[in-house]
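Q: Model the structure of this input:
(chains A and B)
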There are 2 protein chains.
Amino acid sequence: MHLLISFSVCLLLAVTAVAQKPHPCKSPPLMVGRASVMYPKGQLFIYERFSYDAWGQRIRVRAQGVDHDHPFHEDVLMLFRERVMYEISYRNHTCKKRALKVRFQPSEIPQNATLQAQVIIGSSSRPGQGLLVNNWIGDIPEQQAKYSMTFTEFGCLPITSLYHTDQTGWILSSFFDLVVGIEDPQEFIPPKFCDKTKPVDEGDEVVTDFFEALLKKDDH
Amino acid sequence: MHLLISFSVCLLLAVTAVAQKPHPCKSPPLMVGRASVMYPKGQLFIYERFSYDAWGQRIRVRAQGVDHDHPFHEDVLMLFRERVMYEISYRNHTCKKRALKVRFQPSEIPQNATLQAQVIIGSSSRPGQGLLVNNWIGDIPEQQAKYSMTFTEFGCLPITSLYHTDQTGWILSSFFDLVVGIEDPQEFIPPKFCDKTKPVDEGDEVVTDFFEALLKKDDH
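A: Next comes the predicted model:
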């Protein structure tokens, strides 16, 4: 009997230990938040507010930034399912429509990522003074890219993302002020004045790279 | 009577509002933790464990890093009150003593720093998924330096520090796994084999810069 109890306890501990090892995870499908993006090679710094809908595969980004010392402002709606991207200007009541030939990338840790470290940002000495996060690294062979991503242990929320290719150099994105849920679902509907926009011209207005779409680096 | 109550409530709200504005703060005097330091201009990357005693003005750092692709290991004890620094090697049982002619810099936000932003790393949507931090910026005219520091709102714990001079470029330090208190007070006492070390030679072994002491950038 004693042996059986000991064995059960050992088994329980083993199962708990397996369960406690961090696993690649997926962020909540609906989020709003802020992000800063540093892209030193492109001399680009962006500060943005975003709404993220992984169910509908829709992202709205309102960004302001500095590109080679030139400040800029962008308001972009990406509808990945419809394969369309809108560049919206409320001031000018104009809308630029581009074909979006790129797959939606959900906010997640890829299944083949390697756990680098679990750390506490801040301190675990008192409640409210620290945040448990996991750092994951990996490669994306088809893009010849390396990444390092830090997500919270609880909630799988993005904290930082480092992305590198020989072409782009390092791109550092930091996320903060995340709220789970969508504050305003209308964010994902193009404004009325976009209806008049001519259909997408397949010729010259094609976006084929996810980071290009987010960084708009060839536009400025 | 109603007027008096209303006035009291207003006063209370006003006092609370003043108290809730973030103020420059000082970290707990005793801390242990880990840090990573990136010093791109010096092509130096350091990962360290440290013990910090602001009361005794003592810091112990065990660092490993890469300097121009060369890996290195360092074990340094800085006693700022005694103005002495030890470079310790347990493997070789050797001790190098250097004069430390630099003021102790406590972990704190300077009184004249400017609050840049208060943000939540992660999310406030659920407990345990976010960390409230304040970002402060400022100048140190005598060092012709700029800094940007992020500390927790609760506990005043360091999260990141960016330090810049024209000479050094940007130095990025990130702190994590902080524990309030000292795990082993003996960390601040030089090991026995250091007793035999010759007294500090005032001639050539002088450290005059706090960051030089921490980064050891001219040694490798």
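
Q: what are the ranges of the strands in chain A?
A: A:30-39, A:44-53, A:58-67, A:70-79, A:84-89, A:94-100, A:114-122, A:130-140, A:145-152, A:158-165, A:169-180, A:206-207 (DSSP state E).

Q: Make CSV out of those strands and add mean neighbour count and distance to B:Gly42.
A: For every residue, glycine as well, the C-beta is placed using N, CA and C. What follows is the strands of chain A, written out as CSV (neighbours: other CB atoms under 10 Å in any protein chain shown; distance: least, CB to CB, whole Å):
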stretch, mean neighbour count, distance to B:Gly42
strand A:30-39, 19, 20
strand A:44-53, 19, 23
strand A:58-67, 19, 26
strand A:70-79, 16, 30
strand A:84-89, 19, 41
strand A:94-100, 18, 42
strand A:114-122, 18, 24
strand A:130-140, 20, 24
strand A:145-152, 21, 21
strand A:158-165, 19, 20
strand A:169-180, 19, 17
strand A:206-207, 17, 39
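
Q: Could you tell me the least trusted of those?
A: Across the strands of chain A, strand A:206-207 has the smallest mean pLDDT, namely a mean of 68.

Q: before we move on, the earlier item: redo the strands of chain A as a markdown table? Include distance to chain B.
A: As requested, the strands of chain A are exported to a markdown table (distance: least, CB to the nearest CB, whole Å):
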| stretch | distance to chain B |
| --- | --- |
| strand A:30-39 | 7 |
| strand A:44-53 | 10 |
| strand A:58-67 | 14 |
| strand A:70-79 | 18 |
| strand A:84-89 | 26 |
| strand A:94-100 | 28 |
| strand A:114-122 | 4 |
| strand A:130-140 | 4 |
| strand A:145-152 | 5 |
| strand A:158-165 | 6 |
| strand A:169-180 | 4 |
| strand A:206-207 | 29 |
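
Q: Next, format these as CSV and append distance to B:His73.
A: Below are those laid out as CSV (distance: least, CB to CB, whole Å):
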stretch, distance to B:His73
strand A:30-39, 30
strand A:44-53, 35
strand A:58-67, 40
strand A:70-79, 45
strand A:84-89, 50
strand A:94-100, 50
strand A:114-122, 19
strand A:130-140, 22
strand A:145-152, 23
strand A:158-165, 25
strand A:169-180, 26
strand A:206-207, 47
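
Q: what's the distance between A:Phe176 and A:Glu108?
A: 19 Å (CB to CB, to the nearest Å).

Q: Ok, A:Pro71 next?
A: Distance, A:Pro71 to A:Glu108, using CB to CB: 32 Å.

Q: And for the residue nearest the centre of chain A, nearest residue in space, chain neighbours not counted?
A: Among the residues of chain A, A:Ser107 comes closest to the average C-alpha position under CA atoms, centre = their mean, at 4.8 Å. Ranked by CB to CB, 6 or more residues apart in numbering or on different chains and with sequence neighbours excluded, the top spatial neighbour of A:Ser107 is A:Ser27, at 3.8 Å.

Q: just checking, that neighbour touches A:Pro106?
A: Yes - between A:Ser27 and A:Pro106 there is a contact under CB atoms under 8 Å: 7.2 Å.

Q: Tell me which of those two has more neighbours.
A: The neighbour count for A:Ser27 versus A:Pro106, taken as other CB atoms under 10 Å in any protein chain shown, is higher for A:Ser27 (22 against 12).

Q: Can you check the pLDDT for the more buried one?
A: 96.

Q: show me what contacts it?
A: Listed by CB atoms under 8 Å, 6 or more residues apart in numbering or on different chains, the contact set of A:Ser27 reads A:52, A:54, A:106-108, A:151, A:156-158.

Q: Skipping its backbone neighbours, what lies nearest A:Arg119 in space?
A: If you look again at residue A:119, you'll see it is Val, not Arg. The spatial neighbour of A:Val119 that comes closest, neighbours along the chain excluded (CB to CB, 6+ apart), is B:Phe176 at 4.3 Å.

Q: Could you give the bridge partners of the one you found?
A: Judged by DSSP bridges, the bridge partners of B:Phe176 are A:Ile121, B:Arg34.

Q: Show the contacting residues for it.
A: A:119-122, B:33-35.

Q: now the residues you listed as CSV including distance to B:Asn92?
A: Shown next, in CSV, are the contacts of B:Phe176 (distance: CB to CB, whole Å):
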residue, distance to B:Asn92
A:Val119, 31
A:Ile120, 34
A:Ile121, 36
A:Gly122, 37
B:Gly33, 27
B:Arg34, 25
B:Ala35, 25
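
Q: which one of those is nearest A:Val76?
A: Comparing the contacts of B:Phe176 against A:Val76 with CB to CB picks out A:Ile121 as the nearest, at 29.9 Å.

Q: Does the closest one touch B:Leu131 like I think?
A: Yes - between A:Ile121 and B:Leu131 there is a contact under CB under 8 Å: 6.0 Å.

Q: any common contacting residues for these two?
A: Common neighbours of A:Ile121 and B:Leu131 (CB under 8 Å, 6+ apart) are A:130-131, B:121, B:159.

Q: got the CA coordinates for stretch A:112-123 in PDB?
A: What follows is stretch A:112-123, C-alpha atoms only, in PDB (Å, rounded to 0.1, in the frame of the first residue of the first chain):
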ATOM      1  CA  ASN A 112       9.500  24.200 -33.200                       C
ATOM      2  CA  ALA A 113      10.900  27.200 -31.200                       C
ATOM      3  CA  THR A 114      13.500  26.500 -28.500                       C
ATOM      4  CA  LEU A 115      13.100  27.700 -25.000                       C
ATOM      5  CA  GLN A 116      16.000  29.800 -24.200                       C
ATOM      6  CA  ALA A 117      15.100  31.000 -20.600                       C
ATOM      7  CA  GLN A 118      12.300  31.600 -18.200                       C
ATOM      8  CA  VAL A 119      12.900  34.800 -16.200                       C
ATOM      9  CA  ILE A 120      11.100  37.300 -14.000                       C
ATOM     10  CA  ILE A 121      11.000  40.800 -15.300                       C
ATOM     11  CA  GLY A 122      11.300  42.800 -12.000                       C
ATOM     12  CA  SER A 123      11.100  40.800  -8.800                       C
END
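
Q: What separation do you get for the residue nearest to A:Gln43 when sequence neighbours are not counted and B:Ser107?
A: Leaving aside its sequence neighbours, A:Gln43 sits nearest to A:His68 (CB to CB, 6+ apart; 4.8 Å). For A:His68, the distance to B:Ser107 equals 36 Å [CB to CB].

Q: Next: A:Ser89.
A: A:Ser89 sits 46 Å away from B:Ser107, going by CB to CB.
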